[in-house]
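starting from these lines, generate the structure:
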Amino acid sequence: MESHEFLHQIWYVLVIPLGSEIEITFTLDGNCQLLFDLSYCSEVAYAVPSNPKTFPNIEDLKKLYDDNARNLSQNFSYSLQQIPCNTSSSAQYSLARNCDDCAAAYKTWLCAVTIPRCYDFSSNMTYLQPRNVAQDFINGTSPSASSDLSFSPINQSTVYMNSSRNSLIDTNIKPGPYKEVLPCQDLVFGILPERSLVVSQARHTF
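Numbering: from 1, shown residues only. The predicted structure follows:
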């Protein structure tokens with residue numbers, strides 16, 4: 001098997017302490033691509049919605065996802081620049097958190113919600129969220145409600161089922177049906193203190 005074919009099939013590698021087992025999970029549907037080493041979303045290292053027909057080059061796929069997240073972050077960066085991040089310690093709202101912490105938390109959240117984790121649609125794990133149930137599979141076959149109730153007419157007309165959380169995925173990549181590993185609640189819990197810091201310091205300052 002060639003290396004690029006292997007990357008299209010592998011989903012996730014879990015490395016645990018030395019001397020223990022390493023678990024590797026493979027995908028079968030061909031529309032989840034392992035992505036890592038992004039310049040902006042540097043913490044991304046998991047399988048994402050893909051299509052080897054529309055994006056046969058992994059570097060092009062990486063650039064599409066990474067550039068989109070970077071562009072979306074620009075307005076937040078402008079807002080953060082309005083906060084006196086480098087003011088004296090006596091004027092800061094908090095000495096425990098600063099603007100760098102806020103920017104890092106926001107980037108982690110943004111990358112997680114714009115670059116979703118992808119899993120085989122054929123998986124029966126209950127925590128997975130079906131996506132794009134109104135699209136054909138990348139092999140050209142059409143989904144059928146008789147084989148999977150996820151493809152029922154009501155689901156195919158429901159936005160969160162018939163599309164991806166990021167419209168760029170549907171318009172540019174066109175991965176067909178897949179299932180998403182939803183972002184962890186810790187992402188929200190992690191960003192709330194940082195957001196509160198910036199809002200509170202802005203009120204305190206202005």
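
got a list of what N166 touches?
Contacts for N166 (CB atoms under 8 Å, 6 or more residues apart in numbering) come out as N68, V113, T114, I115, P116. To be clear about C-beta, it is placed using only N, CA and C from the backbone, and glycine gets the same treatment.

now do the buried residues in the helix or strand where the first one lies.
Of the helices and strands defined by DSSP states H and E, N68 is found in helix 58-72. Using 16 or more other CB atoms under 10 Å as the burial criterion, the residues of helix 58-72 that qualify are I58, L61, K62, L64, Y65, D66, N68, A69, R70.

which helices and strands does that helix pack with?
Judged by 3 or more CB pairs under 8 Å, 6 or more residues apart in numbering; DSSP states H and E, helix 58-72 is in contact with strand 32-35, helix 99-114.

now, of those, which is deepest in the fold?
strand 32-35 (a mean of 24; mean count of other CB atoms under 10 Å).

and the next element down the chain from it?
Remark: after strand 32-35, the chain's next helix or strand is strand 46-49, criterion DSSP H and E.

give the rounded mean pLDDT of that next one.
Mean pLDDT, strand 46-49: 96.

could you check stretch 137-149 and say which residues are buried?
Of the residues in stretch 137-149, F137, I138, P143 count as buried by neighbour count, 16+ other CB under 10 Å.

wait, the first one touches P143, no?
Yes. Look at F137 against P143 with CB atoms under 8 Å: they come within range, at 6.9 Å.
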